[in-house]
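Novice: here is a sequence together with a model predicted from it:
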Amino acid sequence: MADDLLTVADFLADKLDVADVEVSDLLNDAPFFAGLPVVESSNGTTHKYPKETGAPVVGFRAENAGRDLDHSEDGLVTVNLKILDFSWGVDKAVADAWMRGGPEALIAREGRRHIRAAMYKGEEQYIQGTDAEASGFSGFADATGLDALADEMVLDAGGTGSNIFTSVYAVREGEDDVVGVVNGEGDGMMLGETIVQSFTDGSGKSYPAYYTPGCTWLGLQIGGARSVGRIANLNDTDAPLTDDLIYQLLELFPSSRQPTKLLMNRQSLRQLRASRTATNVTGAPAPRPTEVDGIPIQSVESISKIEAALS
């Protein structure tokens, strides 16, 4: 039976005391982030895990003849978690005058919007890494093994131009592969009590507001060297996404450890549909792509269409 790991949505449902369906609706703008399994860090705001870097040498031997023994090799990977802050405040006078449910309703509405924005920011960091926000953690785009055309798990689509590129990622989710990481000491999702606090406006003058602190320590574990693959240098002029490119990407994964998800933006999804329409013998438009060889496609807003060319 496959591991049934917690997700960020589970943490939020527990913290906010709301129904799962409400949290699921709330996180629709960040579907990859909402559904990615998460694990607790190994040591507070730092997460360390071993990664096999060398297999032991084995072989046949003749009767009554020995052979040299060998051992596997491991490297230690360190992930430094970063603070994702979604604290919010509302003017006390405005909240107290709120007619549709009073101050609690306005505070809750603003909180939902902050949390939705935070989930999108987290997904953007997972995929774009420090290209999304320099003070955040490393994501797919700037991870070692995915940030250069010479890397084994990177496929070059061959597009030309400048800052008009995008990528498609094949991701293998799971505890030994790609998972989100939250602080394993204390409260993984820190949502404090709403209090009245003095805020300062742009001119330095103060006013009372309802303030709710909210944040989490967050990071990304990419597991092994073949946990994620990338098609880079796709564009909308001379390097569109096709099934042929996707199958070349899938070929980079071991047969027994294929990816569990394909991540792409709406531009790549449209291109894939167009490529299928062009090869359709009936001439009918192809349906919206949902999978490739049983691997589901997840369309996300957080993959940029203006990446610099990967070299």
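Specialist: Arrived safely, thanks for sending.
Novice: only C-alpha atoms from now on, for both contacts and neighbour counts.
Specialist: Fine.
Novice: so residue 249 versus residue 94, what's the distance?
Specialist: With distances defined as Cα to Cα, to the nearest Å, the gap from residue 249 to residue 94 amounts to 53 Å.
Novice: so which of the two has more stuff around it?
Specialist: Remark: of residue 249 and residue 94, residue 249 carries more neighbours, 22 against 14, as counted by other Cα atoms under 10 Å.
Novice: other SSEs contacting the helix or strand encompassing the more buried one?
Specialist: Using DSSP states H and E, residue 249 falls within helix 243-250. Applying 3 or more Cα pairs under 8 Å, 6 or more residues apart in numbering; DSSP states H and E, one finds that helix 243-250 contacts strand 154-156, strand 228-234, helix 266-278.
Novice: mind listing what's buried along stretch 75-91?
Specialist: Along stretch 75-91, these residues count as buried under the neighbour rule (16 or more other Cα atoms under 10 Å): 79-91.
Novice: could you give the average pLDDT over it?
Specialist: Per-residue pLDDT values over stretch 75-91 give a mean of 91.
Novice: please state the offset of it from the chain centre?
Specialist: 14 Å (Cα atoms, centre = their mean, to the nearest Å).
Novice: next one: stretch 244-253
Specialist: Averaged C-alpha coordinates place stretch 244-253 at 21 Å from its chain's average position (Cα atoms, centre = their mean).
Novice: buried ones in it?
Specialist: Taking 16+ other Cα under 10 Å as the basis for neighbour counts, the residues of stretch 244-253 that come out buried are 245-246, 249-250, 252-253.
Novice: hey, C-alpha coordinates of that stretch in CSV?
Specialist: Listed in CSV are the C-alpha atoms of stretch 244-253, where the atom choice follows Å, rounded to 0.1, in the frame of the first residue of the first chain:
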residue,chain,number,x,y,z
ASP,A,244,7.5,13.2,-28.4
LEU,A,245,9.3,15.6,-26.1
ILE,A,246,7.4,14.3,-23.1
TYR,A,247,8.3,10.7,-23.9
GLN,A,248,11.9,11.7,-24.3
LEU,A,249,11.6,13.1,-20.8
LEU,A,250,10.0,10.0,-19.4
GLU,A,251,12.9,8.0,-20.9
LEU,A,252,15.2,9.7,-18.4
PHE,A,253,13.4,8.0,-15.5
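Novice: assumed residue 105 was part of a helix.
Specialist: Yes: under the criterion used here (DSSP: H, G, I helix; E, B strand; the rest coil), residue 105 sits inside a helix.
Novice: how about it: what's its closest non-neighbour residue?
Specialist: Distances taken as Cα to Cα, 6 or more residues apart in numbering put residue 98 closest to residue 105, at 7.9 Å, once the chain neighbours are dropped.
Novice: residue 108 is in contact with the one you found, correct?
Specialist: No: counting by Cα atoms under 8 Å, no contact exists between residue 98 and residue 108, whose distance comes to 12.0 Å.
Novice: residues in contact with residue 276?
Specialist: When contacts are counted by Cα atoms under 8 Å, 6 or more residues apart in numbering, residue 276 touches 242-243, 286.
Novice: outside of stretch 281-298, which residues touch it?
Specialist: 31-32, 243, 259-264, 269, 272-274, 276-277, 280.
Novice: ok, those residues vs residue 181, which is closest?
Specialist: For these, the closest approach to residue 181 (Cα to Cα) belongs to residue 32, at 14.2 Å.
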